[in-house]
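In: I would like to see how this sequence folds:
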Amino acid sequence: MNIVQDYVFRQALGPLLAVLGALAAIAILTQGLNRLDIIVDNRQSAMAFVWVTLLATPQLISLILPLAVFFAVAFAINRMNVESETTVLYAAGFSAWRLSQPVIMLACVAALAHLWVTTVIQPAASTEMRETIYDIRADVASTLVREGDYTFPAEGLTMYARERAPGGEMRDLFVHDARQSPAVTYTARSGLITMANGTPQLVMIDGQIQRQSDAGAVETLDFDRYPLILNELVETETDLVLKPGDRTLAQLFFPDMTNHYDQRNVNRLTAEGHYRLAAPLLNIALAMIALASLLGGEFSRQGYLGRLLWASGVALLVRLLALGLQAAAVDEPALNVAQYGFPLLVSGGAAALLLRAGRRKTREGPAAFAPA
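Out: Residues are numbered from 1 along each chain as shown. Okay, the predicted model is just below:
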């Protein structure tokens, strides 16, 4: 790139980073609010909340990056138009296409970064997030018993532990279960909440069971080890199922056909895989829309608000249609080809408009820049 093109590149790069940061912050805040109930309900720390929110960031960035590219390009080119920089560059012999080249290069860099995020970063982060949330939901069983407090996790159930060791072991346990008739009281020297086949259970060690018989006498039974199932108190997933957004490209295009979930969702997995590869093309498509709208028209002293609004509407429509194509490809796999063809068609159409405007300005000379 020459000095002028390097200048145009930097004019678009700064707004891109700023817009991407702002949109990502809004998206992360929204995602964090959605995840807040998991942390609060399961009594997790603030670090767990921050970690889960950060793990959701790559997927959010993948969603908003094309729009960030559009807004950054639109801002940069609009500022250059308003300050007559583009008019001066046209007069110096630069065509609209030459001015567009550094912006297209920036869009290609964004597309490559987008591809890296969707194929490498997003599946790794999403899988870790899914596993973290699974562990949080499973660990809720340990919060049923709190050190030195009587807790009432369900109607008719009272639990108490005098002390909790760092490893999760609870000492001097008391559990009174009045949900059944007659009521049962458990006491134990120690206990530990574990998972067995996806079901949480309180394993009590060295204790006693007390129950009142029909005759009114108290029956006792000593035990060395006794498991109390807690599945009625805690909703947990028996298996960790990776959703399409959590999987690598290999797992999407070559699903495990011995897995029931994969068998039922082959088309969904394939559509997600093609979307991961096709979505980066939207960065170029939306950048071309911004260039065609702001460099392909007449010079205007009144500003370019109308063009910006029109271009913004088209860019948003293109982004939504791309998501719609992904959803439609789940029911009709043949539409997976359209996931690639659609952004390429938009890019080609915008490039044609830009080249036609550039040839007109070159042919008409200074008259092309007359105030509208």
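
In: What is the burial count for A338?
Out: 19 (other CB atoms under 10 Å). Glycine gets a C-beta too; all of them are placed from N, C-alpha and C.

In: let me fix that: G313
Out: G313: 10 neighbours (other CB under 10 Å).

In: Mind telling me what element it is part of?
Out: Assigned by DSSP states H and E, G313 belongs to helix 305-331.

In: Tell me how far that helix lies from the chain's centre.
Out: From the chain centre to the centre of helix 305-331 is a distance of 19 Å (CA atoms, centre = their mean, to the nearest Å).

In: hey, which helix is longest across the chain?
Out: helix 3-41 (DSSP state H).

In: what about the helix or strand just after the helix holding G313, average pLDDT?
Out: Using DSSP H and E, the helix or strand that follows helix 305-331 in sequence is helix 336-364. The pLDDT scores in helix 336-364 average 82.

In: Likewise for stretch 189-199?
Out: Computed over stretch 189-199, the average pLDDT equals 78.

In: Going by neighbour count, which residues in that stretch are buried?
Out: Judged by neighbour count (16 or more other CB atoms under 10 Å), stretch 189-199 contains these buried residues: S190, G191, L192, I193, T199.

In: Can you add distance to A352 and secondary structure and give those back as a markdown table?
Out: Converted to a markdown table, these look like this (distance: CB to CB, whole Å; DSSP: H, G, I helix; E, B strand; the rest coil):
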| residue | distance to A352 | secondary structure |
| --- | --- | --- |
| S190 | 76 | strand |
| G191 | 73 | strand |
| L192 | 69 | strand |
| I193 | 65 | strand |
| T199 | 62 | strand |
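
In: okay, the residues you listed in CSV with distance to L335 next?
Out: Shown next, in CSV, are the buried residues of stretch 189-199 (distance: CB to CB, whole Å):
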residue, distance to L335
S190, 59
G191, 55
L192, 52
I193, 48
T199, 42
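
In: What is the longest helix of the chain packed up against?
Out: Using 3 or more CB pairs under 8 Å, 6 or more residues apart in numbering; DSSP states H and E as the contact criterion, the elements in contact with helix 3-41 are helix 46-55, helix 57-82, helix 96-116, helix 122-139.

In: Quick one: closest of the ones you listed to Q212.
Out: helix 122-139 (34.3 Å; CB to CB).

In: and the angle for that closest one with helix 96-116?
Out: Orientation check (axes from the mean of the first three to the mean of the last three CA atoms, to 10 degrees): helix 122-139 against helix 96-116 gives 40 degrees.

In: then helix 122-139 to CSV, C-alphas only?
Out: Below are the C-alpha coordinates for helix 122-139, written out as CSV (Å, rounded to 0.1, in the frame of the first residue of the first chain):
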residue,chain,number,x,y,z
GLN,A,122,-15.4,-20.6,19.5
PRO,A,123,-15.7,-24.4,19.8
ALA,A,124,-13.0,-24.6,22.4
ALA,A,125,-14.6,-21.8,24.5
SER,A,126,-18.1,-23.0,24.0
THR,A,127,-17.2,-26.6,25.1
GLU,A,128,-15.5,-25.3,28.2
MET,A,129,-18.5,-23.1,29.0
ARG,A,130,-20.9,-26.0,28.6
GLU,A,131,-18.7,-28.2,30.9
THR,A,132,-18.4,-25.4,33.4
ILE,A,133,-22.2,-24.8,33.5
TYR,A,134,-22.7,-28.6,33.8
ASP,A,135,-20.3,-28.7,36.7
ILE,A,136,-22.0,-25.7,38.3
ARG,A,137,-25.4,-27.3,38.1
ALA,A,138,-24.1,-30.6,39.4
ASP,A,139,-22.3,-28.9,42.3
